[in-house]
Structure formats: C-alpha cells, structure tokens
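In: Dropping a prediction and its sequence here:
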Amino acid sequence: MEDLKLLPAQLDALLTGETNTVANLSNASALLMQTLPDLNWAGFYLFDEANNDLVLGPFQGKVACMHITPGNGVVGTSFTQKEVLVVPNVHEFAGHIACDSASNSEIVAPIIVNDKIVAILDIDSPKLDRFSDADAVAITEFAAIVAKHF
C-alpha cells in the first residue's frame, strides 16, 4: 500500500517548523485517521513521570481511557517493554483494557526522546488482524518522526 510507505515522510513534512507538541500530536493522529483504512482510534498516551502514569493525549476517535498504568494493557506493556506491539486480537491479550468494545486489533509504538519514552502511539481497528508486518515498520518510522518533532 503506497499510503503506508509515504506516511512517515508526509508526517515529517506536516510537522516541520511547528514546535508545539500538542499541535504536532493532534495532526499526527489526524493524519493516521484520514490516511489508513479500517481504524476507529488513533492517538497518544503521554508519560507523566511524576505520577508514573500514561495520560490520554491528542487523539482521533471515540472517548478513551484517560489513565493507563505502565505494564497494564497493550499500551502499558509497550511502555514497559519499550517496543512496538502488534495485537491481532485484543480480546486474547492478557490484561487488555477495553476502552472501546468495538476495537478488535491494535498496534502501539513508543515515542522515544533522549532514550526515554515520552509517549505511546496507539492505533485501534474494529477489524481482527488489521495490522501487518509492513504496518509495524511504517508505524515504527512514524513514531520516530513524532519523536523528532516532540
């Protein structure tokens, strides 16, 4: 899919010159929602170091869980493992947090700045097994571009 390959470069062009993190994360989540098919949520959880908590940040989609503890759910597991996770069926993921019962698959990626995770990119789909290895590569690159502009 050509859109997927172009996504990181599109994001970099979109964010170049903007220094406001909220604006950048907002446009990044909007770009994902308007570009990738079969999504029902795309956004960020920001790490609050003082409270050891992942807090809901800019997103596109239905209302969401506002706090996720590191180690809990797909987002919290990505945070503690410091890696991209692709979950074909969230209902089979131990400890899955069901913020939206319509979500069936998920991909998450850490946003790493100066060797610290500052946020987690979270993307959900109502389709089972929505995210491929190619998606994981593109989302990893997308997360690196977000980090560059954080």
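Out: Yes, it's here. Remember, predicted model here, so these are calculated numbers, not experimental data. Numbering: from 1, shown residues only.
In: Tell me the spacing between the residue lying closest to residue 150 once chain neighbours are set aside and residue 148.
Out: Closest residue in space to residue 150, ignoring its immediate chain neighbours: residue 113 at 5.1 Å, by CB to CB, 6 or more residues apart in numbering. Where C-beta positions appear, they are placed from N, C-alpha and C, glycine not excepted. Distance of residue 113 to residue 148, computed by CB to CB, to the nearest Å: 9 Å.
In: do residue 64 as well
Out: Taking CB to CB, one finds residue 64 at 25 Å from residue 148.
In: Just want to know which of the two has more residues nearby.
Out: When residue 64 and residue 148 are compared for neighbours, residue 64 comes out ahead with 17 against 14, by other CB atoms under 10 Å.
In: Just the pLDDT for the more buried one.
Out: With respect to pLDDT, residue 64 scores 92.
In: how close does it sit to residue 42?
Out: Taking CB to CB, one finds residue 64 at 11 Å from residue 42.
In: so how far is the lowest-mean-pLDDT helix or strand in the chain off the chain centroid?
Out: Least confident helix or strand of the chain, by mean pLDDT, DSSP states H and E, is helix 2-15 with a mean of 87. Counting by CA atoms, centre = their mean, to the nearest Å, helix 2-15 is centred 15 Å from the centre of its parent chain.
In: now residue 145, what's its secondary structure?
Out: Using DSSP: H, G, I helix; E, B strand; the rest coil, the structure places residue 145 in helix.
In: Tell me if I'm right that it and residue 13 touch.
Out: No: applying CB atoms under 8 Å, one finds residue 145 not in contact with residue 13, separated by 9.7 Å.
In: which residues does residue 40 contact?
Out: Taking CB atoms under 8 Å, 6 or more residues apart in numbering, we find residue 40 in contact with 61, 62, 100, 102, 103, 124, 125, 126.
In: returning to that earlier point: pull out the buried residues from the helix or strand that the least confident helix or strand of the chain is followed by.
Out: Elements were assigned by DSSP states H and E; along the chain past helix 2-15, the next helix or strand is helix 21-35. Across helix 21-35, burial judged by 16 or more other CB atoms under 10 Å covers 21, 24, 25, 26, 27, 28, 29, 30, 31, 32, 33, 35.
In: Taking helix 2-15 as reference, get the angle to helix 21-35.
Out: 160 degrees (axes from the mean of the first three to the mean of the last three CA atoms, to 10 degrees).
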